[in-house]
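Student: What follows is a predicted protein model with its sequence.
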Amino acid sequence: MVLAASAALGMGLLLSGCKSAPELTAANAQALIQAKYDASPAVGVDITVNDLGMQQGVTAKYWDRSIGYPNKFWADFKLTAEGKKVVKLAGGGDTIQWRPESLADKSFHVLVTTVATNHLKAKDVKDPQDEVGGTKSAIFTEAVSLEGVPPALQDIAHNPGNKLSTKRTATFTLVDGAWTVSAIN
């Protein structure tokens, strides 16, 4: 019995001498996620341009109609000098080929990418939860940044069909006594 008590006491001292993992708060998690994003290359934002966006782009002088077709709803739009400063076309080149199915087709769209590049932003990070294997995870909102993007193009980006934020989950692991982001899904 004395031996069992000594073993239990020794084990307790051994365990109390071990360093415990540092606390991982939502604010710490957000800082770690943002640091990972900031260490990644900056990227342009993909923007879906629908019928309204095409009209807004003409008004903003980002593109001009260069060819109209006999069916009255197809057209080619050339990027203007100003347009080339703010967007790149997904397929390259400088001509948007607008090819909806009919005059009433409001689902047709094209994809452009902003020339201005930014880092993703981590927002609304929830309290990290313990996971199996000693890891932690936190749900957060990943948002694109429209810094440096002209207001007219920001308006187009806010039209229906664009996704400017996504729910993600970050997984954290303990490395050398400090929490690190091991994955973002």
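Tutor: Nice, thanks for sending it over.
Student: Mind giving me the packing neighbours of the top strand by length along the chain?
Tutor: If you go by DSSP state E, the chain has its longest strand at strand 165-175. Packing partners of strand 165-175 (3 or more CB pairs under 8 Å, 6 or more residues apart in numbering; DSSP states H and E): helix 26-39, strand 136-143, strand 178-184. (C-beta placed from N, C-alpha, C; glycine too.)
Student: Run a quick neighbour tally on the closest residue to residue 79 other than its chain neighbours.
Tutor: Using CB to CB, 6 or more residues apart in numbering and skipping residues adjacent in sequence, the residue nearest residue 79 is residue 94, 4.5 Å away. By the criterion of other CB atoms under 10 Å, residue 94 has 14 neighbours.
Student: Surely residue 94 and residue 76 touch.
Tutor: No. Under the criterion of CB atoms under 8 Å, residue 94 makes no contact with residue 76, lying 10.3 Å away.
Student: May I have the secondary structure class of residue 58?
Tutor: Classification of residue 58 by DSSP: H, G, I helix; E, B strand; the rest coil places it in helix.
Student: Provide a list of residues in contact with it.
Tutor: 64, 65, 77 (CB atoms under 8 Å, 6 or more residues apart in numbering).
Student: Which strands or helices does the strand or helix carrying the second one pack on?
Tutor: Under the assignment given by DSSP states H and E, the secondary-structure element containing residue 65 is strand 63-68. Strand 63-68 makes packing contacts with helix 51-59, strand 75-79 when contacts are defined by 3+ CB pairs under 8 Å, 6+ apart.
Student: Pretty sure residue 72 sits in a strand.
Tutor: No. Applying three-state DSSP, one finds residue 72 to be coil, outside a strand.
Student: Quick check: the gap between residue 65 and residue 127.
Tutor: Distance of residue 65 to residue 127, computed by CB to CB, to the nearest Å: 52 Å.
Student: that older thread, what's the longest strand of the chain in contact with?
Tutor: Contacts for strand 165-175 (CB under 8 Å, 6+ apart): 21, 24, 29, 32-33, 122-123, 125, 128, 131, 134-144, 179-185.
Student: Select only the buried ones of those residues in ChimeraX?
Tutor: Filtering the contacts of strand 165-175 down to the buried ones (16 or more other CB atoms under 10 Å) takes a single ChimeraX command:
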select :24,29,32,33,122,125,128,135,136,137,138,140,142,144,179,181
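Student: what mean pLDDT does stretch 99-112 have?
Tutor: Taken as a whole, stretch 99-112 carries a mean pLDDT of 94.
Student: now that stretch: how far from the chain's centre is it?
Tutor: Chain-centre distance of stretch 99-112: 25 Å, with CA atoms, centre = their mean, to the nearest Å.
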